[in-house]
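Chemist: Sequence unavailable; structure follows:
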């Protein structure tokens, strides 16, 4: 069976750990628990008839108190960039992290997840920005760790990219 | 991934497996094939991850821990350098095969030609750090949400304002009789029946011919009032007809020669909008109240400042944050805000006058009259209703400030540990002195860490890559000192079979640390002074001099001016070595550092001894805090070592502590054996220690925080017979 390491990157509090919990354990908690360092889980998924063992590295979010350790991306086949739709600053942070990841480890497949899709009425991320990224070939997904909507699909989307061995983007923004 | 010096395990190799047996930290050595074998018994939690692997069975760590596949790349790069130190992984969280989540950290060491890997299950310190991060991040996210609420409020107000004023006008000119002559004047934007129809035969039409009687009368009244007042008159009326209801507004403006210009505007839509607006305002007022409640919940104060800079409104929260009552400040300018300094008031005024885009948050820091400190950020926005006025939001950032300080607080400086004010001053002094080349004298009691200060000074200076040579002056004798310090030529004296480089030459380019400089033999002091002045040495038996580039750092526990008075230390040498000074506070004067030091030592001892001792009970910690620590940090470490060795539980209790610390609770006064430069009190300190140790000299030396050799030498100097107890 093929094993692939993937990482979750994003600002603090965007819901990375909740997405992993929803994806791996199928559960959700409203209580925010910050991550220190890195938290590792794994899950086997079936992608287009093929079993894929995803080793999920949930990296501590970046904020004024700590920086994402880009070295954790070493050996990762791809990553999920997570944004909180209600906090525009997390979108800017995701763009910055994508640039840093690219500089550190070159181009690998990634998917940008806009999380908290259960409260889209409170989203403050411009649709135009999203369409711009999409036009540049970025793969985007809307997820809600709370309701579970789009979570499995987002991980599978990245999984398919890994198996296809192709980059999630066509060109840099 | 920080590197720290590798602690030396000064134990015979055959004792290592036994020592590791009780370790709760997994200690593994790498084999030639890249697998590992455990040193000592593997902890239970480790066996959960790696169920197989006996003492001789290879363990493939990458298969047991997902994280280690990553970290072993870094570890092997580190081992390949074969240097001392430590490569840390940083914390990680991983579930064992039973699904139990564990917080772990690994470290790679190169020791005794072996690649060693330590894997530690993280406990209390990790939880504490996690708690701090948790709280800091929760607050940061809350503040981001608050800013979003402000944005919503402002957008809503701007939208409301944009609803006002629209609709084009229909205009025409009337004479004082209410007749209009020039049809080309008519701008027929509003459908007023017959307005643009001629009266026939070149006769003018009159408003009374066109408008219904009620409206015509209203317009004629406005016309007369406008001509009389010489200014515009505005009249609203409702046009009734077959169609839907129409609200109109007539603006009658005198335009000379007894004529008026009438502008009729359809305000039906505006009227509807005003009604909607009125409803919206009611709703907004409600939501504004809600927002205020939210703001108050989020510790946000608000103030409204008029165009002159006077405070029009101050919310209760703002008043509380700024330490005033609303009555005190309302109607007054920023300059009268009592809590703020002049610079802060000026800062607020300057930022307030800047265009919105250039404005930044103003940090207000200081103390309230009751001595409590405050940290407030002021965000100055335009009032959407009037850009000349300002809305000021005050954020209480005291807690974030504290958390930020807590996260950034340095409680370790090189190998020195301490968060007390005294130690922070020492750290700053070291930083300052590291930038210059001056000779430094470090003063402090025995065991307070003088050599660590010297080493920190060396590491932080430009001489960091060069030698650090330490010598204890108390061990130098009159006869040997010149050779030891300056070296000798072959045959310079009996037994001088080889050329010998002295300590000064050995330290060339680096730092020579002279511990216990007060004990430097008198005869040597003169030569030493000359070297400091001339920066050159002459080996014993040679005539030529050699240049040396050495920074001298000296240390003493003695009061050197007293030694100068007694004639045992040269005054000119004192002045020469005392250019830079660092005074290390005794441990009893920085008791707040005791828990920090005790926990740090406990962690080190746990790793070195393998005893699964997890912490110190509050009672034992209280005793440690109460004890006077005459032997300072060294004695504290000894006490912890004593406690760890004797402790049979996971937590060190009072009974595990050495008797002298226990005696604090029973009889605090009897244990005051603090160091002193006065020979009499020094003598009684030694006698007290011997008494407490019941004549056991090793124990007495330990109580005083000094080595047995130093203890014996001091006994001799103080003329104390240990067998007679004084």
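Modeler: Great, that's in hand. In this text the structure is predicted, and so the values were computed from the model without any measurement.
Chemist: now residue B:329, nearest residue through space, not along the chain?
Modeler: Among residues not flanking residue B:329 along the chain, residue B:311 sits closest, at 5.0 Å (C-beta to C-beta, 6 or more residues apart in numbering or on different chains). For every residue, glycine as well, the C-beta is placed using N, CA and C.
Chemist: isn't the one you found right up against residue B:304?
Modeler: Yes - counting by C-beta atoms under 8 Å, residue B:304 is a contact partner of residue B:311 at 7.4 Å.
Chemist: And residue B:503, what's its pLDDT?
Modeler: pLDDT recorded at residue B:503 is 91.
Chemist: Can you give me the neighbour number for it?
Modeler: Residue crowding around residue B:503 was assessed by other C-beta atoms under 10 Å in any protein chain shown; the count is 22.
Chemist: Dead centre of chain A: give me the residue that sits there.
Modeler: Taking C-alpha atoms, centre = their mean as the criterion, residue A:80 is the residue nearest the geometric centre of chain A, at 2.2 Å.
Chemist: Give the bridge partners for that one, please.
Modeler: Note on residue A:80: beta-bridge partners residue A:8, residue A:111, judged by DSSP bridges.
Chemist: so what's it up against?
Modeler: A:6-9, A:16, A:19, A:110-113, A:154-155, A:158 (C-beta atoms under 8 Å, 6 or more residues apart in numbering or on different chains).
Chemist: most neighbours, which of those residues?
Modeler: residue A:113 (31 neighbours).
Chemist: isn't it right up against residue A:79?
Modeler: No - if you go by C-beta under 8 Å, residue A:113 and residue A:79 don't touch, sitting 10.5 Å apart.
Chemist: tell me which parts of chain A are close to chain B?
Modeler: Within chain A, the positions near chain B by C-beta under 8 Å from any C-beta of the partner chain are A:12-13, A:32-42, A:55, A:61, A:63-66, A:69, A:71-72, A:74-75, A:86-87, A:89, A:124.
Chemist: Among those, name the buried ones.
Modeler: A:12-13, A:34-41, A:55, A:61, A:63, A:65-66, A:72, A:86-87 (16 or more other C-beta atoms under 10 Å in any protein chain shown).
Chemist: Just read off the phi/psi values of residue 65.
Modeler: Using chain A here. Dihedral pair for residue A:65: phi -90, psi -20, per degrees, to the nearest 10.
Chemist: that answer is for a different chain, and I need it for chain B
Modeler: With angles defined as degrees, to the nearest 10, residue B:65 sits at phi -120, psi 120.
Chemist: nearest residue to residue B:415 other than its sequence neighbours?
Modeler: residue B:452 (4.8 Å).
Chemist: got a list of what that neighbour touches?
Modeler: The neighbourhood of residue B:452, defined by C-beta under 8 Å, 6+ apart, consists of B:414-416.
Chemist: Where strands are concerned, which of these count?
Modeler: residue B:416 (DSSP state E).
Chemist: Minimum pLDDT in the contacts of residue B:452, which residue is that?
Modeler: Lowest pLDDT among these: residue B:414, with 80.
Chemist: Can you report how many residues lie near the residue nearest to that one when sequence neighbours are not counted?
Modeler: Closest residue to residue B:414 apart from its sequence neighbours, by C-beta to C-beta, 6+ apart: residue B:456 at 3.7 Å. Using other C-beta under 10 Å, the number of residues around residue B:456 comes to 22.
Chemist: Now do the closest residue to residue A:118 other than its chain neighbours against residue A:18, distance only.
Modeler: Take residue A:118 and drop its neighbours on the chain: the residue closest to it by C-beta to C-beta, 6+ apart is residue A:144, 4.2 Å away. Residue A:144 sits 9 Å away from residue A:18, going by C-beta to C-beta, to the nearest Å.
Chemist: Residue B:385 now?
Modeler: Residue B:385 is 41 Å from residue A:18, by C-beta to C-beta.
Chemist: could you pull out the helices for chain A?
Modeler: A:16-25, A:88-105, A:127-135, A:151-164 (DSSP state H).
Chemist: Buried deepest among the ones you listed, which one?
Modeler: When the helices of chain A are scored by mean count of other C-beta atoms under 10 Å in any protein chain shown, the highest mean neighbour count falls to helix A:16-25 (a mean of 22).
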